[in-house]
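Q: Sequence first, then the predicted structure, then my questions.
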Amino acid sequence: MVATGFVHQNEVRERVGQLQQHFSGDRDVARIAYRLGVDWSGDDSLFIDVFLKTQTPSPATVARLSEQISTALLRVVRSEELGLHSYLNFVSRPDNGQ
């Protein structure tokens with residue numbers, strides 16, 4: 001876990017909450033989750049998981065969401081202001097709907 005002295009976890013929660021709210025009505029996004037941790041280099045990081053509603057989204061859908069969510073990360077979350085690297089991951093829903 002990231003040291004609380006370096007990261008204001010309430011601020012992260014609020015900013016990611018705004019991101020979640022912004023995409024809550026998107027036809028392709030089931031939900032957005034996040035976690036704090038360290039990346040491969042040991043740097044404090046914010047990991048954003050975008051859970052998609054379908055198992056095999058079209059390349060156009062992934063491209064659209066990548067662009068829109070990346071832009072929102074820069075404008076809304078602004079993780080670099082908090083000393084965090086941010087990582088975006090897309091997760092597709094399995095065939096059985098779980």
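A: Noted; the coordinates are in hand. Residues are numbered from 1 along each chain as shown.

Q: what about S79, neighbour count?
A: A count of nearby residues for S79, using other C-beta atoms under 10 Å, gives 23. In this view, the C-beta of every residue, glycine as well, is placed from N, C-alpha and C.

Q: can you check the one 5 residues further on too?
A: As a burial measure, the neighbour count of L84 was computed by other C-beta under 10 Å and equals 22.

Q: How about the contacts made by the spatially closest residue to L84 that is not a sequence neighbour?
A: Leaving aside its sequence neighbours, L84 sits nearest to L46 (C-beta to C-beta, 6 or more residues apart in numbering; 4.6 Å). Counting by C-beta atoms under 8 Å, 6 or more residues apart in numbering, L46 makes contact with 12, 16, 34-36, 77, 79, 82, 84-87.

Q: if you set the cut-off to 10 Å instead, what comes out?
A: 2, 7, 12, 15-16, 34-37, 39, 73, 77, 79-80, 82, 84-88 (C-beta atoms under 10 Å, 6 or more residues apart in numbering).

Q: what does L65 give?
A: So L65 contacts 23, 26, 28-29, 50, 52, 57, 88, 90 (C-beta under 10 Å, 6+ apart).
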